[in-house]
Structures are given as structure tokens and as C-alpha cells.
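Participant: Sharing a model prediction with you, sequence too.
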2 protein chains.
Amino acid sequence: MPRIRHKSLDCSPGCAVEATLELIDGKWKGVILYHLFHGTMRFNALRKILPNVTQRMLTMQLRELEEDGFIHREIYPQIPPKVEYSLTDFGRTLEPVVMALKRWGDEHTTFGAEKKKSPALGTQGQHG
Amino acid sequence: MPRIRHKSLDCSPGCAVEATLELIDGKWKGVILYHLFHGTMRFNALRKILPNVTQRMLTMQLRELEEDGFIHREIYPQIPPKVEYSLTDFGRTLEPVVMALKRWGDEHTTFGAEKKKSPALGTQGQHG
DNA sequence: CATGACGGTATCATTTCCGATACTATGGAC
DNA sequence: GTCCATAGTATCGGAAATGATACCGTCATG
């Protein structure tokens, strides 16, 4: 049961909505989670598919996701370092949420529209 | 098709997730939308169920939701003023998203847990 | 004349988020 | 001895989001 950063969540019934939003908010967490649904990834692998995220931000977002129990950080004590990120069982419970977000984005934003124009992505199956 | 505040959305397939998040982000939009699913509301009615939101913030969030085409603002030219907010058809397309967020929050956050401890809220049906 | 209801604005301060950049550690290859 | 790869930290600064507070306009009531 993750902590909630909200100072006071006594904001009426709909508050569970905000509580969830707070946890997956943070500019890159959604995408990070989305990619981890497809499997374990190393730090630099995430950097490659998220070229706009600075190293600092990526680290921070990953740490927060870890703190909240969504992802697991596996450190292999070797040189050069190897660190793998994967979803926890708890993290997987977010799948319906993330997928609802993605589905809506695909259908209703210009980003989704652009994507449909590019059939090459279709070969990636669930990825696109 | 709403504008996207993100500067660059070339952040790989999962980006539709972020696109959606950006639109319903903003600390109070989730709750506002959630409450509007239950029907039209006046400005002060929203203030009452969201006591932590300042008037300024509420106005701003509502204006952004309006800009993005999610809600409709109906002004009745009378004294004292009356302004009603309601979801547009487009706004209603967000229902699965918001409900997914709420469901997860209810089941997995301490806020949700607290709520379950309070059976009185159960009488509110879908509200709680 | 003062007060209250309603739906706001305006202004300022603070907090929080985020980006850019530089720096670190270690071992192996060259 | 230098460079590279990996996974970070540290520090600084600016921008954006949010909060606090005060003010506005109008009509009705007292």
C-alpha cells in the first residue's frame, strides 16, 4: 500500500482518482511503466527509448516508482555496472490503468492520430 | 482533438499514455471530472466538495478542462451570477480512464483502505 | 448604508518540478 | 596512461504550478 504524497486527501469521494494520479504522475512514470509491461529493462535501454529524459530525471522517476513498490531494481555487482528494472506484482496491478490511459490517448489525441498514420508501427503488435 | 501541452511527444509508443496524463493532470482535474460524471454542477457546489482547492485554482482547472473540450461552461446572466459546469460528449469519453484510476485508488491506496473502514460511505453507491 | 450571495480577477510569494552540465567509480581494451 | 562503457550523483538555475490574500460588480435584504 503506497504512501500518498498528497498532503491531505480529504477531498471527497473522487479522491481515489487523485491518489492514483499522484502515484503515476511525474512526467515520465507513465511511459516507464508502459515499457516495463513488456519486460525487464536495463537503465540504458530505458534511456534509449526515452531520449528526452535526462539521466537525472530517469533515475529519479525510477527511484520513486521503486519507493512506491511498483518496480524492482536488481543490481548486478559487476563492472561495468548492470542494473535491471522490472515490474513487481504490485506494479502489474496498474496495467488496466495504464492501458486505459494509452487507449484513450491513441483514440483521442493528435499523438494517437499520428501514430495511426504510420502502419509500420503496427508490426509491433501491442507496442503501438 | 485536444492540444497537447507536451513540448515533444516523440517519446516512443508509450507516449499516448503521457499524452492522456498531461490532459487530466493538474492536481484537481481528476476529481473535478469525477464529480461531473454525476451531473452538472455550479461553481460553488464544486468548491464545497473540494474544500482544499482555492477559488483561483478551481477557476483555472475548469478553464483548462473547458479549453480541452472536456467540459461545457454555461453562464446564466443573472444576479447573483450562476454558472453551470457539465461534461461534453468528448469529456464523457474519459469515463473509462477516470474510473480505472478510481478503482485502482480504492483498491490499492491507503485512501481507498480508509474508505473501506467507513461503511457509512457505502450508502452513496457509486460515489464512494 | 452595510452585508451577503455568486463567480470570479489580480498580485505576489512560495514550492515544486525539471533541465543542463559536470563529476564519480571501476575494470578492461588500446 | 588514456579512453570507453555503465549507472549513476552533485550542483545550480529557471520555469511552471500552486497557494495566500485581497479585491471587484451587482442586486436584494435589513
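Facilitator: Looks like it arrived, so ask away. Residues are numbered from 1 along each chain as shown, chains lettered A, B, ... in the order given.

Participant: surely residue A:109 meets residue B:20?
Facilitator: Yes - contact status for residue A:109 versus residue B:20: in contact at 7.0 Å, counting by CB atoms under 8 Å. For the C-beta atoms, the positions are set from N, CA and C on the backbone; glycine is no exception.

Participant: can you list contacts of stretch A:80-100?
Facilitator: Contacts made with stretch A:80-100 from outside it, assessed by CB atoms under 8 Å, 6 or more residues apart in numbering or on different chains, are listed as A:20, A:24, A:30, A:33-34, A:36-37, A:39-43, A:46, A:62, A:65, A:69-76, B:17, B:96-97, B:100-101, B:103-104, B:107-108.

Participant: mind redoing it with 6 Å?
Facilitator: Residues external to stretch A:80-100 that are found in contact with it (CB atoms under 6 Å, 6 or more residues apart in numbering or on different chains): A:33-34, A:36, A:40-43, A:69-76, B:17, B:96-97, B:100-101, B:104.

Participant: can you list the weak-confidence ranges in chain A?
Facilitator: Judged against pLDDT under 70, the low-scoring parts of chain A cover residues A:1-14, A:111-128.

Participant: residue at max distance from the center of it?
Facilitator: Distance from the C-alpha centroid of chain A peaks at residue A:79, with 27.6 Å (CA atoms, centre = their mean).

Participant: and that one, which of the three is it?
Facilitator: What DSSP: H, G, I helix; E, B strand; the rest coil gives for residue A:79 is coil.

Participant: Give me the neighbour count for residue A:35.
Facilitator: For residue A:35, the neighbour count with other CB atoms under 10 Å in any protein chain shown is 20.
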